[in-house]
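Q: sequence first, predicted model second:
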Amino acid sequence: MSTSETISAAINFAALVFLGAQVMLARRALGETAKAQQQEWERQRKKASIEASVSTARYREALKAVLPWNDRDPEEMAAFLKEVNGDHAKLYPVREYLNHLVDIAVGVKQGVFDLDTISMLEGGRIIDVVASYAPYIESVRQEAHRPRIYEDIEDLAELIKAHRQESPGGPGESHPRAPTERSVKVSLHSARLILDLVRIRSSRPSGRTCGAAVRSARATICGLS
């Protein structure tokens, strides 16, 4: 091998080493960026979950004039549902409240809300509400011939129960990933839409415009997810 060929080979080898180093640095930078983005996304999910919980508390406060405040008491709820049975006007707030909880359940299912945070802040009440409203939910399913209506809330209640059983020290000790398929990617835009959906319903508990806005937002979310 001539001197020029040796020099050329050395230069090519050095270039390959340099290129390999650059690729490794780029991979490391991408990994750090992805980790930072994941951490920020987790923070946003927890923040959105807290905001949803606050909205729910305000919503219950607004509804306490037309719904039993202690909706975790099966006997009190049974008496209330018996009293308003057949009165669609008095049952309207019930439907809206359950729809509000459906919004939260969908948010958890789509990975927008953090399961651990929702479990800590609203878990016990969601489980009890599902049990208390079970007779009403069943009657709606039969009357509307929609066997899966409010299924999302029931799924969330079961998910919270399982999550609490998996956390030996009680809710809040572990932070599992949201129960979504790996292929599901929820954008920040759709996350904001779900949170706005919850805010809309909680800020206008009796407005019919609310239902239309919620349905429109949910359709948009389905298109983005």
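A: Looks like it came in fine. Residues are numbered from 1 along each chain as shown.

Q: and whichever strand or helix holds Ile153, which residues are buried?
A: Using DSSP states H and E, Ile153 sits within helix 151-166. Judged by neighbour count using 16 or more other CB atoms under 10 Å, the buried positions of helix 151-166 are Asp152, Ile153, Glu154, Asp155, Leu156, Ala157, Leu159, Ile160, His163, Arg164. C-beta coordinates here come from the backbone N, C-alpha and C atoms, glycine included.

Q: now do the second one against His88, distance only.
A: Pointing back at Ile153 there. 21 Å (CB to CB, to the nearest Å).

Q: same thing with the last one?
A: Counting by CB to CB, the gap between Arg164 and His88 amounts to 36 Å.

Q: name the SS class of Asp71, please.
A: When classified by DSSP: H, G, I helix; E, B strand; the rest coil, Asp71 comes out as coil.

Q: as a check, name the ranges of all helices in the protein.
A: Counting by DSSP state H, the chain has helices at residues 3-63, 74-84, 88-109, 115-132, 134-144, 151-166, 188-203, 208-224.

Q: redo those as JSON lines? Include mean pLDDT.
A: Output for the helices of the chain, formatted as JSON lines (pLDDT from 0 to 100):
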{"stretch": "helix 3-63", "mean pLDDT": "79"}
{"stretch": "helix 74-84", "mean pLDDT": "91"}
{"stretch": "helix 88-109", "mean pLDDT": "92"}
{"stretch": "helix 115-132", "mean pLDDT": "93"}
{"stretch": "helix 134-144", "mean pLDDT": "93"}
{"stretch": "helix 151-166", "mean pLDDT": "94"}
{"stretch": "helix 188-203", "mean pLDDT": "53"}
{"stretch": "helix 208-224", "mean pLDDT": "42"}
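
Q: residues contacting the closest residue to Lys90 other than its chain neighbours?
A: In space, and not counting its chain neighbours, Lys90 is closest to Val84: 4.0 Å by CB to CB, 6 or more residues apart in numbering. When contacts are counted by CB atoms under 8 Å, 6 or more residues apart in numbering, Val84 touches Lys90, Leu91, Val94.

Q: count of neighbours near the second one?
A: This means Leu91. 17 (other CB atoms under 10 Å).

Q: got the contact list for it?
A: Val84, Tyr136.

Q: make it 7 Å
A: By CB atoms under 7 Å, 6 or more residues apart in numbering, the contact set of Leu91 is Val84.

Q: quick one: Asp87 from Phe80, how far?
A: Going from Asp87 to Phe80 by CB to CB gives 11 Å.

Q: which of those two has more residues huddled nearby?
A: The neighbour count for Asp87 versus Phe80, taken as other CB under 10 Å, is higher for Phe80 (18 against 9).
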